[in-house]
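>>> Just a sequence and a predicted model for now, questions to come.
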2 protein chains.
Amino acid sequence: MQPFSALAGIFEAHFNRRHFPEQPQNLYDASQYILQIGGKRVRPVALLMANELFCELSSDSFEVATAIELFHNFSLIHDDIMDKAPLRRGLQTVHTKYGEPTALLSGDVMLVAAYEAINRIDQSLLHPVISLFNQTAREVCEGQQMDMDFEQLKEVSLDEYLRMITLKTSVLLGASMQLGAILGGAGLRNQQQLYAFGKNLGIAFQIQDDYLDAYGDPQKFGKQLGGDILANKKTFLMIHTLNAADDSQKKRLEVLKDTNGQEKIEAVLEIFNACNAAGWAATQKEHYFQLAMNHLEETAVLSSRKKELEQLARYLLQRES
Amino acid sequence: MQPFSALAGIFEAHFNRRHFPEQPQNLYDASQYILQIGGKRVRPVALLMANELFCELSSDSFEVATAIELFHNFSLIHDDIMDKAPLRRGLQTVHTKYGEPTALLSGDVMLVAAYEAINRIDQSLLHPVISLFNQTAREVCEGQQMDMDFEQLKEVSLDEYLRMITLKTSVLLGASMQLGAILGGAGLRNQQQLYAFGKNLGIAFQIQDDYLDAYGDPQKFGKQLGGDILANKKTFLMIHTLNAADDSQKKRLEVLKDTNGQEKIEAVLEIFNACNAAGWAATQKEHYFQLAMNHLEETAVLSSRKKELEQLARYLLQRES
C-alpha cells in the first residue's frame, strides 16, 4: 500500500501527456488546456488506492483512473460555461480562452475520450465498469441541474441541498473507490463499503469547502474569502442559517442579497455567527467523516492495508488526528 | 428483409416512449422534448436493415439503434447551441425553450443515455461496438469544429469541405450500417463494405441537401429556400462556384456577402448558374451514389437480400430508378 502522495506522483507521470490528436487544433488545444491547469487528481488517485487494497496496481486501473479524471474535467468545462465563470484556479476558463462553442465541444470530446480509456480495459470487466460510470455520469448531471434550479428557488431544505451536493460532487469520489475495487476483484459488499466511504468523505469535504469559503484562512484558501456570500449562493452554512434564523434575521438576509462588497460579507457572517453556523458545520462535517470511517472499518481487508485510505481522509479533511 | 418504412414503424414503436426519469424535471423534459420533435430516424433504421442482412433482427440491434438516435439528438442539441439556431423543424430548439445551461446539460445526459443503451447488449459485443461508437462520436465532434473553423476562413478547398462534411454527417450513417453488421455477426470485410456504403450515401445526401437549399421545390423543401445563401454558408455549391468563378464574379460574391433578402439570393444564384453549380452538384451526387452502390454490390450476401438497402439509397436520394 502506497500513500496518496506516492500514487499521485505515479498517476501524474502516467496522465501528464497530450491526450488528443493535433487536429482540429482549436478543439483539442482547448481540451488539453484544462488538463494542464492541473488539480490534485484526488479521484483517480483514490481509485488507485482502492485498487491496491485488493491487488497489485493493474494497468486497467490506470485506464479507468484516466477516464475518471477526463470525466471530471469534462464536467468542469461544461459547468464553467453554465455558471459563466471567468476563472478557474486563477486561470482563464476554457470558454473564456477559446469561446463557448469550442469549449462546449471540447467537453463533449473529453467525455468520449473517457469512454475510450475505459474501452481499453479487460473486456470481461467492461460491463460493470461502464454501468457504474454511466450511473455516476448521469447523477453528476442531475446534481448540476438541481444546483441551477436551486438558484431560482427562495427556499431549499437541507435534505434537498444534501441530495444535490451528493450527486454533484460526492458520488464521483464514491464511484472512483468502487471502480478501483471492481478492478481489484473485490466482492460486492466490499465495493459498496468503499463506495459509501468515498461518498460520505465527499460530503464532509463539501461541507468543509462551504465552511472555508466563509471562515477560511485567507493565506491558505486559494479563492476570495466570502465569494459564496457575495454570489448569494445557497451553501450548507446559508441553508442552516435560514432554518435557524428568526424573522428579523431572515428579513435582514433578504435585504443583504441586493448589497455587495466587504460590508455584505461581514453583515452575513454576523448572522451566520448568531445562528452558530460554524459550529453546526463542524458537527456535520464530523458526522459525515465518522460515517465514512465506519464504512472503511467495515471493508473486509486487513486493517494495516487500510491505513493509507484513512490518512487520505484525514488529509482531505485537514484533520491532525 | 423488410423495407425501410416497415422497419421505421417497428423502430418508432420501440423508441417512442419517455427515455428519462421524471426528476430533475427541467433537465429531462428538455432531453425528451427534442426526441418528440421526431425526424425520419434514418440512422437507427439503417442499422436495423444492415442487421437484418445477416440474421433475424436482434434485441441488441434495437439497443444500439436507440443509442445511435440518442447520440444524433445529443449532437443536434449541442450544435444548435453552438450555431445559435432558434428553430429546428419549425419548432423551438432546446436552448430556445429551456435556456442554454439546461440544454447543454440535457445534451450531456443524452450522450450518457446512449452509452447506457449500448451497455445493455450482449457483453461479448461491447468492446467492438463501443470502439466504433467512440470513434464515430469523436469524428462527429471534429467535423463540427471544422465547420465552425471554416466559417472564419476566406477560402476552403473542396477536399477540406468534403472531409468536414464526411466527419460531421456521413460517418454516423456509415457507423450505423457497420454496427448493424457487427451485431449480425458479419465478417470484417462485409462490415467495411457496409460502412463505406453508408458513408458515401451520406455524402451524396449532403450534396443533395446543399443543392435543395438553393434549387429545391419550395413546396416540398421544409426550410426557407436560399437559407444557406443568406447565412453566407460555405456549401458544396458555393465552394465549387468560388473555384470556378472568374475574378469579377468572385468580387461580386464578396460584395453580396454583406447584402440580404431575396435580391441577394437571386444574385448569388445567378453566379451559381453561370458556374454551372447545379450541374456540377448533380454529377458529384451521382458519383457518391455510385460509390455507395459499388460497396453494397461488394457486400457478400445474396443480392435479393440487398434490395431494400438499394431502395433506401434511392429513396434518400430521391431517385426514381
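Yes, it's here.
>>> Could you list the low-pLDDT ranges of the stretch 1-150 of chain A?
Counting by pLDDT under 70, the stretch 1-150 of chain A shows no low-confidence range.
>>> so where do the helices sit in it?
Secondary structure of the stretch 1-150 of chain A by DSSP state H, counting those that start in this stretch: the helices cover A:4-15, A:25-37, A:42-52, A:59-83, A:94-98, A:100-118, A:126-152.
>>> Out of these, which is the most enclosed?
Highest mean neighbour count among those (mean count of other CB atoms under 10 Å in any protein chain shown): helix A:42-52, with a mean of 27. Just so you know, the C-beta spots here come from the backbone N, C-alpha and C atoms, and that holds for glycine as well.
>>> and it, what does it pack onto?
helix A:4-15, helix A:59-83, helix A:171-183, helix A:188-215, helix A:303-316 (3 or more CB pairs under 8 Å, 6 or more residues apart in numbering or on different chains; DSSP states H and E).
>>> Ok, which of those helices comes nearest chain B?
Minimum separation from chain B across those (CB to the nearest CB) falls at helix A:59-83, 3.9 Å.
>>> Counting by contacts, list what the closest one packs against.
On a contact count with 3+ CB pairs under 8 Å, 6+ apart, helix A:59-83 meets helix A:4-15, helix A:25-37, helix A:42-52, helix A:94-98, helix A:100-118, helix A:126-152, helix A:171-183, helix B:100-118.
>>> again, 6 Å this time
When contacts are defined as 3 or more CB pairs under 6 Å, 6 or more residues apart in numbering or on different chains; DSSP states H and E, helix A:59-83 sits against helix A:25-37, helix A:42-52, helix A:100-118, helix A:171-183.
>>> what angle do that helix and helix B:59-83 make?
When axes from the mean of the first three to the mean of the last three CA atoms, to 10 degrees is applied, the directions of helix A:59-83 and helix B:59-83 differ by 40 degrees.
>>> Break chain A into its domains for me.
Under the assignment automatic domain parsing, the domains of chain A span A:1-186, A:187-321.
>>> can you give me how far the shortest one is from the chain middle?
So that's domain A:187-321. In terms of CA atoms, centre = their mean, to the nearest Å, the centre of domain A:187-321 is set 12 Å apart from its chain centre.
>>> Can you convert the helices of the stretch 1-150 of chain A into TSV and add a column each for distance to A:Asn232?
What follows is these, written out as TSV (distance: least, CB to CB, whole Å):
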stretch	distance to A:Asn232
helix A:4-15	35
helix A:25-37	27
helix A:42-52	28
helix A:59-83	13
helix A:94-98	22
helix A:100-118	24
helix A:126-152	8
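>>> Can you tell me which of those is nearest to B:Ala175?
Taking CB to CB, helix A:100-118 is the member of those nearest to B:Ala175, at 13.2 Å.
>>> That closest one near chain B anywhere?
Yes: applying CB under 6 Å from any CB of the partner chain, one finds that helix A:100-118 is in contact with chain B at A:101, A:104-105, A:108-109, A:112, A:115-116.
>>> May I have that helix exported as PDB, CA atoms only?
What follows is helix A:100-118 as a C-alpha-only set of coordinates in PDB (Å, rounded to 0.1, in the frame of the first residue of the first chain):
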ATOM      1  CA  GLU A 100     -18.200  29.000 -25.800                       C
ATOM      2  CA  PRO A 101     -18.800  26.800 -28.900                       C
ATOM      3  CA  THR A 102     -15.300  25.300 -28.900                       C
ATOM      4  CA  ALA A 103     -15.400  24.900 -25.100                       C
ATOM      5  CA  LEU A 104     -18.700  23.100 -25.300                       C
ATOM      6  CA  LEU A 105     -17.300  20.700 -28.000                       C
ATOM      7  CA  SER A 106     -14.000  20.200 -26.200                       C
ATOM      8  CA  GLY A 107     -16.100  19.000 -23.200                       C
ATOM      9  CA  ASP A 108     -18.000  16.600 -25.400                       C
ATOM     10  CA  VAL A 109     -14.900  15.100 -26.900                       C
ATOM     11  CA  MET A 110     -13.400  14.800 -23.400                       C
ATOM     12  CA  LEU A 111     -16.300  12.700 -22.300                       C
ATOM     13  CA  VAL A 112     -15.900  10.500 -25.400                       C
ATOM     14  CA  ALA A 113     -12.200  10.200 -24.600                       C
ATOM     15  CA  ALA A 114     -13.200   9.000 -21.100                       C
ATOM     16  CA  TYR A 115     -15.100   6.100 -22.700                       C
ATOM     17  CA  GLU A 116     -12.200   5.400 -25.000                       C
ATOM     18  CA  ALA A 117      -9.900   4.900 -22.000                       C
ATOM     19  CA  ILE A 118     -12.500   2.600 -20.400                       C
END
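>>> got the CA coordinates for stretch A:129-137 in PDB?
This file holds the C-alpha atoms of stretch A:129-137, laid out as PDB (Å, rounded to 0.1, in the frame of the first residue of the first chain):
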ATOM      1  CA  VAL A 129     -17.300  -0.600 -15.100                       C
ATOM      2  CA  ILE A 130     -19.400   1.200 -17.700                       C
ATOM      3  CA  SER A 131     -22.500   0.500 -15.700                       C
ATOM      4  CA  LEU A 132     -21.200   2.400 -12.600                       C
ATOM      5  CA  PHE A 133     -19.500   5.000 -14.800                       C
ATOM      6  CA  ASN A 134     -22.800   5.700 -16.600                       C
ATOM      7  CA  GLN A 135     -24.800   5.900 -13.500                       C
ATOM      8  CA  THR A 136     -22.400   8.300 -11.900                       C
ATOM      9  CA  ALA A 137     -22.200  10.500 -15.000                       C
END
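>>> Check the gap between the residue nearest to the spatial centre of chain A and chain B for me.
Chain A has A:Thr169 as the residue nearest its centroid, 4.0 Å off, counting by CA atoms, centre = their mean. Computed as CB to the nearest CB, to the nearest Å, the A:Thr169 to chain B distance reads 16 Å.
>>> May I ask you to confirm that that residue is in contact with A:Gln208?
No: judged on CB atoms under 6 Å, A:Thr169 makes no contact with A:Gln208 at a distance of 11.7 Å.
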